[in-house]
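K.L.:
what's the 3D shape of this:
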Amino acid sequence: MEIGSHGELIGNENGLYTSLVLLQQTQTNEDAAGSNNMTPSSLISNMDANNTSSRRPSVASRSSSQNSVTPGGVSLAAGENAPAEEQKLPVPSFRRLLALNLPEWKQASIGCLGAVVFGGVQPVYAFTMGSMISIYFLADHNEIKEKIRIYSFCFLGLAFLSLIVNVIQHYNFAYMGEHLTKRIRGRMLSKILTFEVGWFDQDQNSSGAICSRLAKDANVVRSLVGDRMALLVQTISAVSIACTMGLIIAWRLAVVMIAVQPIIIVCFYVRRVLLTSMSQKAIKAQDESSKLAADAVSNLRTITAFSSQDRILKMLEKAQEGPQKENIRQSWYAGIGTRHLSKPDVVHLGSRFLVWWQAHLSGLHHSESPVRDLHDPRQHWPGDCRCREHDDGSGQGLRFHTVSLRRAGPVHENRARRP
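P.N.:
Numbers count the residues shown, from 1 in each chain. Below you'll find the predicted structure:
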C-alpha cells in the first residue's frame, strides 16, 4: 500500500500509483503513447509483478505494510528494517475552538456576563449571613427585628437573582455548545470520508468505533468550550469579589485565607489527575464493547443463521472481565488514596486553621488590651454575669452584678436581692 501526496507518489517510478497515472495518460492521449517507452501491456505486467510481490491476503499484513511507509511516501522493502517516523500531530489549540464558536459571540458575551454575576452571589451571600448572625448580639429587640427583616429580603433577592442568572448562563453556553458540536461532527465526518480504504480495515477503525468516536469526542469538545468557560469565568469572578471584600472587612484573616487557597487547589488537582488516569482503562473497555455490539447488530442475519447468539454474548462478557476486575481494584485505590484529598476534608482542614488563626489574633489583641486577663477573676468582659457571696446579716448572701453592654469603661454593678 502506498500512502502520500501526488508529488510524493509520482516520484516512485516503479510504484503502482505511477503506473496507474501513466496508464491513464496513455489511454486518454494516444499521441503521447508513442513517445513513452512503456506500453500499456508492460505497465499492466509491471502492476501485476508489484501486486504479486506486495500483496498479502490478511488484514494484519495490510496494517503492517501501512506502518512500513516512510514520510516521503515510498514503501520500504521487505528486508529493510528502517523504522518509520511517526507523524507529529499539532497540539490542540483552545483559541481554534473559540474561533469555531465565533458566530455565537453574542451568546458568549451574555453567558460570560451571567457567569460573572453568579460568581459574585456567593461572596455576597456569605457576607449577608455573617451580618445577620451579628445582629443577634444587639440589645434592642426592635432593632433586631427591623434588621432581620431587611436581611431576609436580601436573601430572597439573592435567590431570585441566582435563578435568573443561572438560566441565562446555561442557556447561552448550551446554545454555543450545540452549534460547536454540529460543526465538529461535520468536519470529523468529512475528514474520515477522505481516508484510504485500508484505514477502515483496522480493528480500531470499525464502523461502531467510528460512530462512538463521533458521538463522544464532539461532546467532549462542547464541554471543553462551554462548560469550562462558564466555570472559569465564574470562579475568577467569585475569587476576585471574595478577596476584595475580605481585604476590606478583615485584612488579616483574608491574607490567611488567600495563603490557604493554593494548598486546596493542589489537592483538587492531584485528586483529579488520579481519577482521570484510573478511568482510562474503563473508557477503552467501553470502546471495545461498543465495537463488538455494533458489529453484532450489523451482522445480525449472519449471527441468526448460524445460531451464534450465545457465542456473541460470551465474547461480550469475556471482553469485559479483565477491565471489570481492574475497575474494582482501582475503585479501592481511589477510595483509600483520594479520601484525604476530597473537598470536605481539605475545606475542614482550612477552616480549622482559620479558626486557630482567628483565636491567635484575638489572644494577641486581648493581651495587649487593658480590659482584663483571662486568668484574672477580678476583671470582667462586657455582658458577664456573676454572683458573689455577701453577708449583710439578712441571711440572703447572693448578690448579682452585670457588666454594662453599652460601654467597656467603668464597671457598673446592678445589685438585686434574692426574694
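
K.L.:
Let me know the distance separating Y125 from H170.
P.N.:
19 Å (Cβ to Cβ, to the nearest Å). From N, CA and C alone the C-beta is placed, and that goes for glycine too.

K.L.:
ignore the last one, R183
P.N.:
In terms of Cβ to Cβ, R183 sits 20 Å off from H170.

K.L.:
Among those two, which residue is more densely surrounded?
P.N.:
Neighbour totals were compared for R183 and H170, and H170 leads with 17 against 14 (other Cβ atoms under 10 Å).

K.L.:
domain parsing for the chain?
P.N.:
Here the domain parsing of the chain from automatic domain parsing is 6-67, 94-249, 370-419.

K.L.:
got a list of contacts for stretch 118-133?
P.N.:
147-148, 151, 154-155, 158, 161-162, 165-166, 169, 233-238, 241-242, 245, 249 (Cβ atoms under 8 Å, 6 or more residues apart in numbering).

K.L.:
The same query, at a cut-off of 10 Å, please.
P.N.:
Applying Cβ atoms under 10 Å, 6 or more residues apart in numbering, the contact partners of stretch 118-133 are 147-148, 150-152, 154-155, 157-159, 161-162, 164-166, 168-170, 230-231, 233-246, 249.

K.L.:
PyMOL command for the buried members of these?
P.N.:
In PyMOL, a selection of the buried entries from the contacts of stretch 118-133 looks like this (16 or more other Cβ atoms under 10 Å):
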select buried, resi 147+154+165+168+169+170+230+233+234+237+238+241+242+243+245+246
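
K.L.:
Please enumerate the strands of this structure.
P.N.:
385-389, 398-402 (DSSP state E).

K.L.:
Now do the last one, average pLDDT.
P.N.:
The average pLDDT within strand 398-402 is 42.

K.L.:
Low-confidence bits of the chain, can you list those?
P.N.:
Within the chain, the ranges that satisfy pLDDT under 70 run 1, 27-92, 278, 281-282, 284-285, 334, 336-351, 358, 361-419.

K.L.:
ok, longest helix in it?
P.N.:
Identified as the longest helix of the chain according to DSSP state H is helix 141-192.

K.L.:
Might you report the residue contacts of M229?
P.N.:
Contacts for M229 (Cβ under 10 Å, 6+ apart) come out as F94, L97, L98, N101, A108, G111, C112, A115, F173, M176, G177.

K.L.:
ok, 7 Å please
P.N.:
Applying Cβ atoms under 7 Å, 6 or more residues apart in numbering, we find M229 in contact with F173.

K.L.:
What of A108?
P.N.:
Contact analysis of A108 by Cβ under 7 Å, 6+ apart lists N101, M176.

K.L.:
Can you tell me, leaving aside adjacent residues, what's nearest to D295?
P.N.:
Once flanking residues are discounted, D295 sits nearest to G208: 6.0 Å by Cβ to Cβ, 6 or more residues apart in numbering.

K.L.:
ok, now I135?
P.N.:
Counting by Cβ to Cβ, 6+ apart, the residue nearest I135 is K147, at 4.8 Å.

K.L.:
now the one you found: how far from Q169?
P.N.:
K147 is 32 Å from Q169, by Cβ to Cβ.

K.L.:
cool, and E8?
P.N.:
Note on E8: its distance to Q169, by Cβ to Cβ, is 50 Å.

K.L.:
again with A159
P.N.:
For A159, the distance to Q169 - Cβ to Cβ - is 16 Å.

K.L.:
ok, I236 - contacts?
P.N.:
Per Cβ under 7 Å, 6+ apart, neighbours of I236: none.

K.L.:
how about 8 Å then?
P.N.:
By Cβ under 8 Å, 6+ apart, the contact set of I236 is G119.

K.L.:
Equivalent analysis for N142, please.
P.N.:
By Cβ under 8 Å, 6+ apart, the contact set of N142 is empty.

K.L.:
separation between it and Y151?
P.N.:
Using Cβ to Cβ, N142 is found at 15 Å from Y151.

K.L.:
now swap in D217 and tell me
P.N.:
Distance, D217 to Y151, using Cβ to Cβ: 49 Å.

K.L.:
that older thread, my guess is the residue nearest to I135 contacts S134, does it?
P.N.:
No - counting by Cβ atoms under 8 Å, no contact exists between K147 and S134, whose distance comes to 9.5 Å.

K.L.:
Next, count neighbours for E317.
P.N.:
Quick note: E317 (other Cβ under 10 Å) scores 11 neighbours.

K.L.:
Same check on the one 10 residues further on?
P.N.:
The burial count assigned to N327 is 16, neighbours taken as other Cβ under 10 Å.

K.L.:
Then the one 3 residues further on?
P.N.:
Residue neighbour count, defined by other Cβ under 10 Å, stands at 18 for Q330.

K.L.:
ditto for P123
P.N.:
Per other Cβ under 10 Å, the neighbour tally for P123 reads 19.

K.L.:
residue contacts, L158?
P.N.:
Contacts of L158 by Cβ under 8 Å, 6+ apart are V121, V124, Y125, T128.

K.L.:
Make a ChimeraX selection of the buried ones in those residues.
P.N.:
In ChimeraX, a selection of the buried entries from the contacts of L158 looks like this (16+ other Cβ under 10 Å):
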select :121,124,128
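
K.L.:
Which one of the contacts of L158 is nearest to P323?
P.N.:
For these, the closest approach to P323 (Cβ to Cβ) belongs to V121, at 42.3 Å.

K.L.:
how near is that closest one to L247?
P.N.:
From V121 to L247 the distance is 19 Å (Cβ to Cβ).
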